[in-house]
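[1] Just need the structure, nothing else, for what follows:
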Amino acid sequence: MQDSRNMILAIVLSIAVLFGWQYFVAGPQMERAAKQAEITAAQEAGAETTNLPTPTNPDGSVAQPAATAGVGATFANRDDAIAAQPRVEIDTPALAGSINLVGARLDDLELKDYRETVDPDSPVITLLSPSGVDDAYFAEQGWVASGGDVKLPDSKTEWAVDGNSRLTHTNPVTLTYDNGEGLTFRRTFAVDDHYLFTVTQTVENTGTDAISIYPYARVARHGTPQVQNFFVQHEGPLGVLGDKNLVSLKYSDLEKEQQVDVSSTGGWLGITDKYWATAVLPKPDAGINARFAWSRPGNLNIYQTSFVGNTPVAVAPGATASNTSYVFAGAKEESVIASYEENFSFDRLELLIDWGWLHFITKPLFLLLRFLYGILGNFGLAILGVTVIIKALFFPLASRSYASMAAMRRVQPEMKALQERFKDDRAGQQQAMMELYKKEKINPISGCWPVLIQIPVFYALYTVLFISLEMRHAPFFGWIQDLAAPDPTNIFTLFGLIPWDPTVLPIVGHFLALGIWPVIMGLTMWVQMKLNPPPTDPSQAMIFAFMPIIFTFMLGTFPAGLVIYWAWNNTLSVTQQWVIMKRHGVEVNLLGNILSSFKRKPAPDKTGE
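    Numbers count the residues shown, from 1 in each chain. Take a look at the predicted model:
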């Protein structure tokens, strides 16, 4: 019995640590304000950095990166910055925005299919923004000279539109720049009907001297974005680079390292948010020098992921040379990313989505949910369906577990007699209990298996709900319009009748976001506890009595889909346990156990001392 108690305590403590992390560590971090004032001050200072990986010339000298412009004017808002510069419109089924002709940058992009809130009239998601505004975020390509005095285009260069002036998924756009010294540069942008841009850079040499240059591509972000910093998902600089495998850096990590260089063949690198990402990708067989870099001109944090080709492009007089690379800029839709990985042979592009520690459970669980959604048309119903499937898969194990619990119910009178007989002999009581278990072929810890099985599944489902774009703004029924968000109701405001926000209270505020579904989940857990009489051990009895209350408040701010899963799982467990215990001849007095919880306990008799 002591082993059983220790096992239960270990399980409870493990779950408490897992869930408590979000509220005591991750929760406060989620509320940190972004340092927008610092960004504005830095923009006024007009500082920007290139900070590209610098390839080496054949003679061993270092090829210097092309000069770039400063941040430039500070605009009052994003719209003013866009209107102040000549642009080429982007209009595809998934994207809207423009290419800045100054620098030929991709720095204005919105995601048509996604909005900021569940309100269909709320603004669409803005992914990229031009330099000179708060939270500038852009991607660009260019050339780095490998020696000699070569006039290359930079972020100040104004390009001309050659032909079609509107980029669509069926019509590419070509920009042209003549440096006046015998070199004509062209940059052709093509985009598919989702989020992949193909950028082809061409150099035509009509001069008398040969040149040697290296192509580069980068993603730059000005200012530190507000992230949740939760261990379930990574947000920040990210890349897959050959033998280095996954390079995953928090913004704070990059600030400490300042610069991380990696040589690779193929791969990709960029910056990822919870649901969106921007990455630059060379051709899979291209050798590159990649760099993750941070700099702080003035008070502005600049984060950059970039690569430079490690083989120079030689352009002889009268010749033309080109280089092709790619930009992913959009939503992290699993099916779209999988198609890019398959069709373009990008190395492990699936890791743009952080499937977590239990990825071997998490991703199959997501695929199963998506399959059921295709049949049922509702992700909430898909969650209920997955729960039934999981219950069916683990039914043999649960059956043996509940059968053992039924056997323990049958020998309950003998156990109480042994406890009374050896109440002053703890060691003797333990030995007698073990002999009873052996005689009746009972495994006292087998009842823990259903709980232990739930933990990785629960964690995997939590990860799916937290990270997968498909769950974002997915409705259930009634008041649940976003399965990835907490239940919006709150019993402590009488569901909106009392005009106050209990979550602002210090320390306990996070636990007071208690909606209807968490309460339903707590009730189902409490009913499940009442299937069995309370443990004779006072410590165990106290733990079991408080667990439903603790879990109700802990899950109050978890995604509604997870709470619905837990409540449905408890309901199935009650039904399953009832049936199995009945089959083994055990009388389950569920109603009696529930009613006994509301009876006044008799006062202890103090006269017989």
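[2] So what pairs up with residue 270 in the strands?
    Beta-bridge pairing of residue 270 under DSSP bridges involves residue 238, residue 279.
[3] longest helix anywhere in this structure?
    helix 560-583 (DSSP state H).
[4] helices or strands up against it?
    Contact here means 3 or more C-beta pairs under 8 Å, 6 or more residues apart in numbering; DSSP states H and E; on that basis helix 560-583 packs against helix 379-393, helix 395-410, helix 449-467, helix 516-529. The way it works is simple: take the backbone N, C-alpha and C, and place the C-beta from them, glycine included.
[5] how much does it deviate in direction from helix 449-467?
    Interaxial angle of helix 560-583 relative to helix 449-467 (axes from the mean of the first three to the mean of the last three C-alpha atoms, to 10 degrees): 160 degrees.
[6] Buried residues, helix 560-583. List them.
    By neighbour count with 16 or more other C-beta atoms under 10 Å, helix 560-583 contains the buried residues 560-574, 576-577, 580-581.
[7] mind showing which ranges of the stretch 451-600 of the chain have poor pLDDT?
    Applying pLDDT under 70 to the stretch 451-600 of the chain flags residues 451, 496, 508-510, 532-538, 540, 584-600.
[8] next helix or strand past the worst-scoring helix or strand of the chain on mean pLDDT?
    Ranked by mean pLDDT, DSSP states H and E, the weakest helix or strand in the chain is helix 36-45, scoring a mean of 33. Once the chain leaves helix 36-45, the next helix or strand it forms, by DSSP states H and E, is helix 78-83.
[9] Now find how far off-centre the helix or strand following that next one is within its chain.
    Toward the C-terminus, helix 78-83 is succeeded by strand 87-91 as the next helix or strand (DSSP H and E). Centre-to-centre, strand 87-91 and its host chain are 30 Å apart (C-alpha atoms, centre = their mean, to the nearest Å).
[10] can you pull the buried residues of strand 87-91?
    Under the neighbour-count criterion of 16+ other C-beta under 10 Å, strand 87-91 has 87-88, 90 buried.
[11] after it comes which helix or strand?
    Downstream of strand 87-91, the first helix or strand assigned by DSSP H and E is strand 95-100.
[12] got the angle for that following strand vs strand 87-91?
    Computed by the same axes, to 10 degrees, the angle separating strand 95-100 from strand 87-91 equals 160 degrees.
[13] Residues contacting the helix or strand following strand 95-100, please?
    Under the assignment DSSP H and E, the closest C-terminal helix or strand after strand 95-100 is strand 105-115. Strand 105-115 is contacted from outside by 82, 87, 90, 93-100, 122-131, 136-140, 155, 189, 197, 275-276, 327, 329-331, 472-473, using C-beta atoms under 8 Å, 6 or more residues apart in numbering.
[14] Taking strand 95-100 as reference, get the angle to strand 105-115.
    Per the same axes, to 10 degrees, the angle that strand 105-115 makes with strand 95-100 is 170 degrees.
[15] What are the buried residues along strand 105-115?
    105-111, 114.
[16] want to throw the residues you listed into a markdown table with distance to residue 259 and pLDDT?
    What follows is the buried residues of strand 105-115, written out as a markdown table (distance: C-beta to C-beta, whole Å; pLDDT from 0 to 100):
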| residue | distance to residue 259 | pLDDT |
| --- | --- | --- |
| 105 | 23 | 94 |
| 106 | 24 | 96 |
| 107 | 24 | 94 |
| 108 | 28 | 96 |
| 109 | 27 | 97 |
| 110 | 32 | 97 |
| 111 | 31 | 97 |
| 114 | 33 | 95 |
